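Asks: Model the following, please.
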Amino acid sequence: MKITTLFSVFILFATASLSAQSISEHALGLRLGDSDGFGAEISYQKSIGQYNRAEFDLGWRDSRHFDAFKITGVYQWVHQLDGNFNWYYGVGGGLGSVDFDYPGDPDFDDDNDGLFVFAAGDIGIEYDFDIPLLLSLDFRPEIGLIGYNGFDNDFDFDIALGIRYQF
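Replies: Residues are numbered from 1 along each chain as shown. Below you'll find the predicted structure:
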């Protein structure tokens, strides 16, 4: 009985929180940040249904010891917090290419350059202005699956600020 009541209350609140929000059909902009060097991504979001969307990012990373580019796709669930504030979470993955450079190290072996594949999660908060502007701050943990040794077993905490034009 307690589980049924708890489940019913949870469904009621989840339904009420979803009823007052809407997300734009398309959003295009930039996602700036990273955990191990500066990175920028061109970001596109496409709504899928009323409360879900897909996000696709094409980005590059620049660090003292490597340069990389990557393509990421994330499926997101969007929930309203209050007024124009939303929070979202999602799952996805991507692939990329890395080029390592250790200047002044004669023992450096660049055989580790190349393709990598990763899985990603996503959680964030966004503010939807009354004009077609969307600001977001998100946390995207990524874990390497296949590829260069440092990326195939590395856990990366990718934190970024997003600014997108909605249309």
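
Asks: State the number of residues packed around residue 64.
Replies: Residues lying near residue 64 (other CB atoms under 10 Å) number 9. Yep, even glycine has a C-beta here, placed from its N, CA and C like the rest.

Asks: so it, which of the three states?
Replies: Under DSSP: H, G, I helix; E, B strand; the rest coil, the three-state class of residue 64 is coil.

Asks: Do you know the pLDDT at it?
Replies: Residue 64 is assigned a predicted lDDT (pLDDT) of 74.

Asks: what does residue 11 give?
Replies: So, for residue 11, pLDDT stands at 48.

Asks: ok, now residue 2?
Replies: The score at residue 2 is 55. That number is its pLDDT.

Asks: One more: the one 3 residues further on?
Replies: On pLDDT, residue 5 comes in at 50.

Asks: next one: residue 73
Replies: At residue 73, the predicted lDDT confidence score is 97.

Asks: measure it to residue 159 for me?
Replies: Separation of residue 73 from residue 159 (CB to CB, to the nearest Å): 19 Å.

Asks: hang on, isn't residue 56 packed against residue 43?
Replies: Yes. In this structure, residue 56 is within contact of residue 43 by CB atoms under 8 Å, at 7.4 Å.
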